[in-house]
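**Student:** Sequence first, then the predicted structure, then my questions.
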Amino acid sequence: MIVIDKENRVFTLRTKNTTYQMKADQHNVLIHTYYGPRVGDSDLSYLVRYADRACAPNPPEAGLDRTYSLNTIPQEYSTCGVGDFRLPSIEVEYPDGSRAADLRLTDWEVERGKYELDGLPFFHGAEGSTLRLYLEDLAADLVVELTYGVFEDCDLITRSVEVHNYGKAPVRLCQCASLCLDFLRSDLDLITFNGCHLMERAPDRAPLRSGIQGVGSVRGTSSHQHNPFVVLCDRDANEDYGLCYGAMLLYSGNFQALVEASQYDNARLVMGINPCQFCWTLEPGQSFTAPEAALVCSPRGFGQMSRQFHRAIREHLIQDPHAGARRPVLINNWEATYFDFDADKLVDFAKTAAPLGVELLVMDDGWFGKRDDDNSGLGDWTVNQKKLPGGLEALVPRIQALGMSFGIWIEPEMISEDSDLYREHPDWALRIPGRTPARGRNQLVLDFSRPEIRQHVYGQIKAVLSSADIAYVKWDMNRSLSDVWSAALPAERQGEVYHRYVLGVYEILDQLRRDFPHILIEGCAGGGGRFDAGMLYYTPQIWCSDNTDAIDRLRIQYGTSFCYPVSAMGAHVSAVPNEANGRVTPLETRGTVAMSGTFGYEMDPNQTTPEEREAIKQQIAFFKEHYDLIQRGDYYRLTDPFANGPYTAWEQVAPDRREALVSLVSGTIHAAAPFLTLRLKGLDPQLTYQVNGGASYPGDALMNAGYPVPVMTGDYQSLQLHLTAL
Ligand code: DGJ
């Protein structure tokens, strides 16, 4: 709900549990007065204090009042060059070479429903509401439109920024952040989610220290290394207690999330496109839209924050028809065959997998052009007739006849030098004139900022997808961008290429989605190198990591779960020893971990024993039976796998709290094991729950006293407890 006190120009955004407030002050500067647990709608600007601070510039409107300085007041969208020396949100270069932005509120509008964005991902839903605030730089004919979306039930507040040049000369946008959030305190911890290929999104928590700290990416993707999601929280916040703020950016390219703890113990978070390598020219009459950002404030710890993000992503980000639809249990041939497969081998996979309950066969990399290894073929999106005689027209009906649907892998953004496409259009790869471009996985990157290039590639892919009944596409991307320069833009606009590349990817994904709405698209970038809310708008699920080892996955999925729901995390059971780390884990454990993701298999089903096939059949039946609970239930992290405790546990609880599933995976085993109890969460304290059809326990006892964890023998065992209310 949006409440406006017109007289005092106070703008309050109200969600179920939180309040967010701004106010245009006596000089029309938009100050940020409050964000936190729900309070009334009264003017909270009494919290902002003024004092004469030496060396702080005072804006002209302040006259001789030396207590009023932009450098000390909490601002809604920080400016630059005119007296605020903290992190800027916007930096504009004018034709005279000056760099400044000085904003004053001039107008506002409220709209029913949540606003939409053109060409960028956004949260959507008629039940949302929209507030638009217009800020003008009076010296420059520049208007900054700050737009807010409010989803009350999810406690979600979205933000977007549009800059309009109403002047007569072009200006250059050197920075245009999506989000600025000022705090009247700096005694906060910052949590970021970091890693590398094969070990993505490990939470890293540290108290704010004086100065600037943060994360970002200059790889052209959101990256394996840092995620465009950060948390600021009370120093003593934990899963169930304390105030915390989650901030996400719906963007899949270079981003930056910085926090500055400043001299008077205030803090400012600024998040948006990374200004490094970014500069956008705005001609007169043109506008620039920054990607959407979204915030959840939880007064009750990380768990509640995560569950609100999960819900918002499931209900307001994922698009139909996939938002509410059941996702198929799949089998992917990659780890089983790599490039060494043909139609008969795939049919043999399906013959064994279908009776086990697997619903979709995914043919991974290697089905097109000349592609027997990863050194060639990218860009030639025509079926390799030697591997698949008769093309997909012949193969897909054979798979369907076995009762399964069919999906394929693509990597549209890439080009191999050993490809017909490269021989014909060597100039289509990103490269800087006079330099030989760096290869990554022995491939180059197509200049997706150019419409004719992306349309050519899409044309080929569309023909393939139209040639047979394809139910699923895995959109991969296996290297970071380097040598970024586009032949289509003049020298002074090369700072636009990274962002135009991302917009190009979004445009093709959107076209793919519109042309083939029934196709489920899974995002992927060397595993989890582009796992962000921007991609989730187009690809309802994303391959979480190339690391399929169940024990490493406990950490990867734990970190990912702080922002992203189970239904977004691509997770498969693979063969042992695991290809990434050589670890051997029981099949049951691999199933327990993978089914807290989108669930599938990535192994040769014909290399399994009859006992293993029976176990797989039971896993799939269990998953299907509890699909809604697992995929749409409220998610609780019960332990932290980074704490190296005896086990890792998590839980899904049905919205009506009458059913829950607890999953537990043990670590390495020791003799004389202590007796452990696990305290559950989210149950109804008034109800009694039966566990796995056996003994029953009161909900309050299970949550406060706990459940006795059976003593397990052998490393990496797992346990699933299905609780039903009596
Ligand atoms: C990287 C992906 O993460 C893998 O799952 C697989 O699809 C390979 N690429 C194929 O090249």
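**Tutor:** Perfect, I can see it now.
**Student:** Which residues of the stretch 451-600 of the chain lie near the ligand?
**Tutor:** Asp476, Asn478, Cys524, Gly526, Gly527, Trp543, Asp546 (Cβ under 6 Å from any ligand atom). In this view, the C-beta of every residue, glycine as well, is placed from N, C-alpha and C.
**Student:** Doesn't Asn581 belong to a helix?
**Tutor:** No: applying DSSP: H, G, I helix; E, B strand; the rest coil, one finds Asn581 to be coil, outside a helix.
**Student:** what two of the residues of the stretch 451-600 of the chain next to the ligand have the greatest distance between them?
**Tutor:** By the measure Cβ to Cβ, Asn478 and Trp543 form the most distant pair in these, at 11.5 Å.
**Student:** When those two are compared, which one has more neighbours?
**Tutor:** Trp543 (29 against 22; other Cβ atoms under 10 Å).
**Student:** where's that one relative to Leu489, distance?
**Tutor:** 32 Å (Cβ to Cβ, to the nearest Å).
**Student:** With Ala140 instead?
**Tutor:** From Ala140 to Leu489 the distance is 25 Å (Cβ to Cβ).
**Student:** For the longest strand along the chain, what does the pLDDT average out to?
**Tutor:** What stands out as the longest strand in the chain, according to DSSP state E, is strand 171-183. For strand 171-183, mean pLDDT is 98.
**Student:** And for stretch 317-336?
**Tutor:** Stretch 317-336 shows a mean pLDDT of 97.
**Student:** could you dump it to CSV, C-alpha only?
**Tutor:** This file holds the C-alpha atoms of stretch 317-336, laid out as CSV (Å, rounded to 0.1, in the frame of the first residue of the first chain):
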residue,chain,number,x,y,z
LEU,A,317,9.0,-13.2,-11.3
ILE,A,318,8.7,-16.6,-13.1
GLN,A,319,6.4,-16.2,-16.0
ASP,A,320,3.5,-18.4,-17.1
PRO,A,321,2.9,-21.1,-18.1
HIS,A,322,5.8,-22.2,-16.0
ALA,A,323,5.1,-20.3,-12.8
GLY,A,324,2.5,-22.7,-11.5
ALA,A,325,3.3,-25.7,-13.7
ARG,A,326,4.9,-28.9,-12.5
ARG,A,327,8.5,-29.2,-13.8
PRO,A,328,9.5,-32.6,-15.3
VAL,A,329,11.9,-35.0,-13.7
LEU,A,330,14.7,-35.1,-16.3
ILE,A,331,17.7,-37.1,-17.3
ASN,A,332,20.6,-35.3,-18.9
ASN,A,333,23.3,-37.1,-20.8
TRP,A,334,26.2,-34.7,-20.2
GLU,A,335,28.2,-36.3,-17.4
ALA,A,336,27.4,-39.8,-18.8
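**Student:** buried sites along that stretch?
**Tutor:** 317-319, 322, 327-336 (16 or more other Cβ atoms under 10 Å).
**Student:** packing partners for the longest strand of the chain?
**Tutor:** strand 30-37, strand 90-93, strand 156-165, strand 244-249, strand 267-273, strand 280-282, strand 293-298 (3 or more Cβ pairs under 8 Å, 6 or more residues apart in numbering; DSSP states H and E).
**Student:** Relative to the ligand, which of these is closest?
**Tutor:** strand 244-249 (22.7 Å; Cβ to the nearest ligand atom).
**Student:** So which elements touch the closest one?
**Tutor:** strand 171-183, strand 229-234, strand 255-261, strand 267-273, strand 293-298, helix 301-316, helix 533-538.
**Student:** the inter-axis angle of it versus strand 267-273?
**Tutor:** 20 degrees (axes from the mean of the first three to the mean of the last three Cα atoms, to 10 degrees).
**Student:** Each with direction, which strands does strand 244-249 pair with?
**Tutor:** When pairing is defined by DSSP bridges, strand 244-249 lines up against strand 229-234 (antiparallel), strand 293-298 (antiparallel).
**Student:** near the ligand, which residues of the stretch 301-450 of the chain show up?
**Tutor:** Residues of the stretch 301-450 of the chain lying near the ligand by Cβ under 6 Å from any ligand atom: Trp334, Asp364, Asp365, Trp409.
**Student:** Tell me which of the residues you listed fall in strands.
**Tutor:** Trp409.
**Student:** wait, which of the residues of the stretch 301-450 of the chain next to the ligand is closest to Pro95?
**Tutor:** Trp409 (48.2 Å).
**Student:** rewinding a little: turn the buried residues of stretch 317-336 into TSV, including distance to Pro517.
**Tutor:** TSV is the format used below for these (distance: Cβ to Cβ, whole Å):
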residue	distance to Pro517
Leu317	16
Ile318	13
Gln319	9
His322	9
Arg327	15
Pro328	16
Val329	21
Leu330	19
Ile331	24
Asn332	23
Asn333	26
Trp334	26
Glu335	30
Ala336	30
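**Student:** Helices - which of these land there?
**Tutor:** Trp334, Glu335, Ala336 (DSSP state H).
**Student:** how much space between the first one and Gly570?
**Tutor:** Trp334 is 12 Å from Gly570, where distance means Cβ to Cβ.
**Student:** try the second one
**Tutor:** Remark: distance between Glu335 and Gly570 (Cβ to Cβ) = 13 Å.
**Student:** How about the residue in the chain positioned nearest to the ligand, nearest residue that isn't a chain neighbour?
**Tutor:** Closest approach between the chain and the ligand, counting by Cβ to the nearest ligand atom: Asp365, at 3.5 Å. Leaving out its chain neighbours, the residue that sits closest to Asp365 by Cβ to Cβ, 6 or more residues apart in numbering is Trp409, at 5.2 Å.
**Student:** Spatially central residue in this structure, please.
**Tutor:** Asp532 (2.2 Å; Cα atoms, centre = their mean).
**Student:** Now that residue. Its backbone dihedrals?
**Tutor:** With angles defined as degrees, to the nearest 10, Asp532 sits at phi -150, psi 170.
**Student:** can you count the residues close to the residue nearest to Asp365?
**Tutor:** 21.
**Student:** Could you pull up the contacting residues of it?
**Tutor:** Applying Cβ atoms under 8 Å, 6 or more residues apart in numbering to Trp409 gives the contacts Trp334, Val362, Met363, Asp364, Asp365, Trp367, Val473, Lys474, Asp476.
**Student:** Leu44 reaches Gln21, doesn't it?
**Tutor:** Yes: using Cβ atoms under 8 Å, Leu44 is in contact with Gln21, at 5.4 Å.
**Student:** Looking at these two now, which is surrounded by more residues?
**Tutor:** Ranked by neighbour count (other Cβ under 10 Å), Leu44 and Gln21 place Gln21 first, with 25 against 19.
**Student:** sec struct for that one, please.
**Tutor:** strand.
**Student:** switch to numbering from 56
**Tutor:** Sure, I'll start counting at 56 from here, so that last one is Gln76.
**Student:** After the helix of greatest length in the chain, which helix or strand is next?
**Tutor:** For the chain, the helix with the greatest residue count under DSSP H is helix 552-570. Counting by DSSP states H and E, the element after helix 552-570 in chain order, helix or strand, is strand 575-578.
**Student:** What is the neighbour count of the residue lying closest to Phe178 once chain neighbours are set aside?
**Tutor:** Leaving out its chain neighbours, the residue that sits closest to Phe178 by Cβ to Cβ, 6+ apart is His371, at 4.4 Å. Applying other Cβ under 10 Å, we find 23 residues neighbouring His371.
**Student:** so His371 sits right up against Gly183, yeah?
**Tutor:** Yes: contact criterion Cβ under 8 Å: His371 and Gly183 qualify, at 7.3 Å.
**Student:** ok, now which ones touch Pro330?
**Tutor:** Here Pro330 is in contact with Glu146, Cys229, Gln230, Gln311 (Cβ under 8 Å, 6+ apart).
**Student:** Need the pLDDT of the first one.
**Tutor:** I take that to be Glu146. At Glu146, pLDDT is 98.
**Student:** so which helix or strand takes in Asp244?
**Tutor:** Assigned by DSSP H and E, Asp244 falls within strand 243-251.
**Student:** List the buried residues of that strand.
**Tutor:** Buried-residue list, strand 243-251, by 16+ other Cβ under 10 Å: Leu243, Asp244, Leu245, Ile246, Thr247, Phe248, Asn249, Gly250.
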